[in-house]
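K.L.:
okay, here's the prediction I keep looking at, along with the sequence it came from:
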Amino acid sequence: MATKGDSIRPSPIQISKTSKLVPVTPKTVPKGTQQVASEQDCVGMIDEIKGSKTYKLGAVDLLTKKVDLGLSLSHPKEVPGHVGSEVCQDGGLPEGSGEEEKKASEHGISSASAKSSDGATGLVKTSGSAKVGDHPDYTESGKSSMCRGSTSSDVSNESSYSSLSSRINRPNKTNDIRWEAIQAVQGKDGVLGLNHFRLLKRLGCGDIGSVYLSELSGTRCYFAMKVMDKASLASRKKLLRAQTEREILQSLDHPFLPTLYTHFETDKFSCLVMEFCPGGDLHTLRQRQPGKHFTEQAVKFYVAEVLLALEYLHMLGIVYRDLKPENVLVREDGHIMLSDFDLSLRCAVSPILVKSSSHESEPLRKNPVYCVQPACIEPSCIQPSCVAPTTCFSPRFFSSKSKKDRKPKNEMGKQVSPLPELIAEPTNARSMSFVGTHEYLAPEIIKGEGHGSAVDWWTFGIFLYELLFGKTPFKGSGNRATLFNVVGQPLRFPESPVVSFSARDLIRGLLVKEPQQRLAYKRGATEIKQHPFFEGVNWALIRCASPPEVPKPVEVERIPAPTSSAGNKPAVPATKDQNNYLEFDFF
Ligand SMILES: Nc1ncnc2c1ncn2[C@@H]1O[C@H](COP(=O)(O)OP(=O)(O)OP(=O)(O)O)[C@@H](O)[C@H]1O
């Protein structure tokens, strides 16, 4: 949600492996961490990318020249960072939730998802405002709905699937009032649809859809609903991306990753209902800091949480591939949520328990403790309850003691690493896709050498650098120059702000151009957690630590719903064809 700020990045790029990316040989682009690639080498490399068919479709036009495609967006103010390859074609706000079935069907909502006749009752007819985060009045238990299937005969297969998927047990959501509210409505009405929600405000627009702040009608439970226009996805060949994102979201249950409360389809739209993060994203938050960079303590907090999220994803065989501050959202409690999985790669993973909770160190190649299935790429194969070690955090996150008061290292070791050590690094994954955001692209992606999970550790290094210094290390005057720098320029640190030796040392370890030499290549997040930068972090309990900043509750204006006599204005916003989104027209 990088709506403001001085550095608006282009949207990520993606060229699938079917594009004719010709890997650059070591001869053309020198390997090694400190070698400098000549401009000629990189020109050759980029020309080869440019020559591919996919390039001509637009995605990598960003490498060499600015394309205006993204500038035709209807809401340029709301979608900065998206001057990239694709126009946001989500078709605007979907049909009015809570509107009568007739109107809904006129505008493309299937009778299945719009069938609830009490949709209108969900419209709040009082004025005033409510704070997001207030506990809802809603008290009905959803538990009885857990085993009830949809009774609707006209729901699509996908809708039925979504209602089933939302019943997956998620231990992290046991006491979540939103979860219960969704379950209760599902139990009452069967499959959820747009008519169950009030779309209050557009939060932003990505490459494959728009995200709206939504209220589950009558519950004061707020969600972020990602709405994707299916026809647009199909015509732009983005269906697979959308499906990947949905399947990944369905498999997650982690405090720093999004909860997918439900998913449903209408004739026209595919909708993902997720947790709403009122704190915006770290890119926007960083711009508000003095000097436009975070303090080292704040950085330690944010990157530690991101690290745990990445560790969990790797355990599931998911290479995230798009880490950047824009994708790290701040929840209402100030903790983070990594969002946006449409560029992620799913692959096989073979977790190895290298150390049990005592300090044994013999590698256990069988995995009796964890039940992540080796080589299982289907999220449904993974039991969320098997990954408990990554879900606990520390109330005393930062060591507040002075150096002389600190316990000897071995005692600290006992305090901070009592957990078993598990390596679940999908290092053998190989993708030839050209995906990511220029300033964050790993050298092996740019060189087309094939990449695996080590790209996430590279981007983690860039992310750490940007939060600390307020800029990324290899940014050039344009995208092309940035790519040259990533591949060939050595890492340098600015003189200010002053950053600790351990932070710089960690960045140096992560931003090694050769993936095999990079920190965490072999043992994943475990290697990073043990770096002195994180000394004193109690990984098991970070969730209870005080965040650097807790967002103010968002005021949601309760605009009275129009009565049926106020019908001279359309109850739904205009579509993009009318080139005029009327977001608040109805609400
Ligand atoms: N759960 C959420 N809570 C609050 N805002 C969100 C949430 N999810 C997404 N957003 C905001 O909505 C906007 C669109 O998000 P979305 O994930 O669709 O795309 P994106 O991250 O901009 O990029 P991409 O093009 O890779 O999909 C972003 O600005 C994001 O910050």
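P.N.:
Cool, got the structure.

K.L.:
what separation is there between E466 and the ligand?
P.N.:
Here E466 is placed at a distance of 16 Å from the ligand (Cβ to the nearest ligand atom, to the nearest Å). All C-beta spots, glycine's among them, are computed from the backbone N, C-alpha and C.

K.L.:
how about the secondary structure of that residue?
P.N.:
At E466, secondary structure determined by DSSP: H, G, I helix; E, B strand; the rest coil is helix.

K.L.:
what's the local residue count around the residue of the stretch 451-587 of the chain found nearest the ligand?
P.N.:
Among the residues of the stretch 451-587 of the chain, V554 lies nearest to the ligand; the distance is 9.8 Å by Cβ to the nearest ligand atom. Neighbour count of V554, defined by other Cβ atoms under 10 Å: 19.

K.L.:
please verify my assumption that it contacts P278.
P.N.:
Yes. If you go by Cβ atoms under 8 Å, V554 and P278 touch, sitting 4.4 Å apart.

K.L.:
near the ligand, which residues of the stretch 201-350 of the chain are found?
P.N.:
For the stretch 201-350 of the chain, the residues in contact with the ligand (Cβ under 6 Å from any ligand atom) are 203-209, 211, 224, 226, 274-277, 281, 327, 329, 339-340, 342.

K.L.:
report pLDDT for the residue of the stretch 451-587 of the chain closest to the ligand.
P.N.:
According to the model's per-residue confidence, V554 sits at a pLDDT of 76.

K.L.:
quickly note the distance from it to V185.
P.N.:
In this structure, V554 and V185 are separated by 22 Å, where distance is defined by Cβ to Cβ, to the nearest Å.

K.L.:
try H438
P.N.:
The gap separating H438 from V185 is 43 Å, by Cβ to Cβ.

K.L.:
how many neighbours does the residue in the stretch 201-350 of the chain positioned nearest to the ligand have?
P.N.:
Among residues of the stretch 201-350 of the chain, the one nearest the ligand by Cβ to the nearest ligand atom turns out to be G206. It sits 2.1 Å away. When counting by other Cβ under 10 Å, one arrives at 23 neighbours for G206.

K.L.:
ok, the nearest residue to I248 once chain neighbours are set aside - contacts?
P.N.:
Ranked by Cβ to Cβ, 6 or more residues apart in numbering and with sequence neighbours excluded, the top spatial neighbour of I248 is F341, at 4.4 Å. Contacts here follow Cβ atoms under 8 Å, 6 or more residues apart in numbering; on that basis F341 touches T244, E245, I248, L249, I318, Y320.

K.L.:
and the third one, what element?
P.N.:
When secondary structure is defined by DSSP states H and E, I248 falls within helix 239-251.

K.L.:
and that helix, what does it pack onto?
P.N.:
In terms of contacts (3 or more Cβ pairs under 8 Å, 6 or more residues apart in numbering; DSSP states H and E), helix 239-251 is packed against helix 230-235, strand 260-265, strand 269-275, strand 345-346.

K.L.:
identify each buried residue in that helix, please.
P.N.:
Within helix 239-251, the residues that count as buried by 16 or more other Cβ atoms under 10 Å are L239, R241, A242, T244, E245, R246, E247, I248, L249, Q250, S251.

K.L.:
who does L199 form a beta bridge with?
P.N.:
Residues in a beta bridge with L199, per DSSP bridges, are S214.

K.L.:
roughly how far apart are it and S217?
P.N.:
For L199, the distance to S217 under the criterion Cβ to Cβ works out to 11 Å.

K.L.:
next: G524.
P.N.:
When distances are taken as Cβ to Cβ, G524 and S217 turn out to be 43 Å apart.

K.L.:
now the stretch 451-587 of the chain, which segments are flagged as low pLDDT?
P.N.:
Per-residue confidence for the stretch 451-587 of the chain (pLDDT under 70) gives these ranges: 557-587.

K.L.:
would you map the helices across it?
P.N.:
Secondary structure of the stretch 451-587 of the chain by DSSP state H, counting those that start in this stretch: the helices cover 454-469, 479-488, 501-510, 525-529.

K.L.:
just the terminal-to-terminal distance for stretch 532-551.
P.N.:
Across stretch 532-551, the straight-line distance between its terminal residues is 30 Å, by Cα to Cα, to the nearest Å.

K.L.:
now do stretch 533-543
P.N.:
So stretch 533-543: terminal residues 19 Å apart, Cα to Cα.

K.L.:
do stretch 249-260 as well
P.N.:
One end of stretch 249-260 to the other measures 6 Å (Cα to Cα).

K.L.:
one more: stretch 257-272?
P.N.:
Stretch 257-272 has an end-to-end distance of 14 Å (Cα to Cα).

K.L.:
which of the residues in it are buried?
P.N.:
When burial is assessed from 16+ other Cβ under 10 Å, stretch 257-272 yields the following buried residues: 257-272.

K.L.:
give the helix, strand or coil label for the residue nearest to A525 when sequence neighbours are not counted.
P.N.:
Of all residues beyond its chain neighbours, the one nearest A525 is E311 (3.6 Å), with distances taken as Cβ to Cβ, 6+ apart. The three-state assignment at E311 reads helix, by three-state DSSP.

K.L.:
and E311, how many residues sit next to it?
P.N.:
Around E311 sit 25 other residues, with neighbours defined as other Cβ under 10 Å.

K.L.:
what residues does the protein put near the ligand?
P.N.:
For the chain, the residues in contact with the ligand (Cβ under 6 Å from any ligand atom) are 1, 11-12, 203-209, 211, 224, 226, 274-277, 281, 327, 329, 339-340, 342.

K.L.:
okay, G524 and S217: which has more neighbours?
P.N.:
Per other Cβ under 10 Å, whichever of G524 and S217 has more neighbours is G524, with 26 against 22.

K.L.:
surely the more buried one meets E311?
P.N.:
Yes. At 6.5 Å, G524 and E311 qualify as touching, with contact defined as Cβ under 8 Å.

K.L.:
burial measure for T295, as a count.
P.N.:
Other residues within reach of T295 by the criterion other Cβ under 10 Å amount to 15.

K.L.:
ok, now how distant is it from R198?
P.N.:
Taking Cβ to Cβ as the criterion, T295 is separated from R198 by 39 Å.

K.L.:
with F484 instead?
P.N.:
Note on F484: its distance to R198, by Cβ to Cβ, is 49 Å.

K.L.:
higher neighbour count, these two?
P.N.:
Neighbours per residue, other Cβ under 10 Å: of F484 and R198, the larger number sits with R198, 27 against 24.

K.L.:
what's near enough to touch the nearest residue to the more buried one once chain neighbours are set aside?
P.N.:
Here the nearest residue to R198 in space, its sequence neighbours aside, is E215; by Cβ to Cβ, 6+ apart that works out to 4.6 Å. Each residue near E215 by Cβ under 8 Å, 6+ apart is listed here: V124, F197, R198, L200, C221, Y222, F223, V556.

K.L.:
dump the residue contacts of L329.
P.N.:
Listed by Cβ under 8 Å, 6+ apart, the contact partners of L329 are M1, C277, G279, G280, D281, L282, I336, M337, L338, S339.

K.L.:
thank you kindly, that will do.
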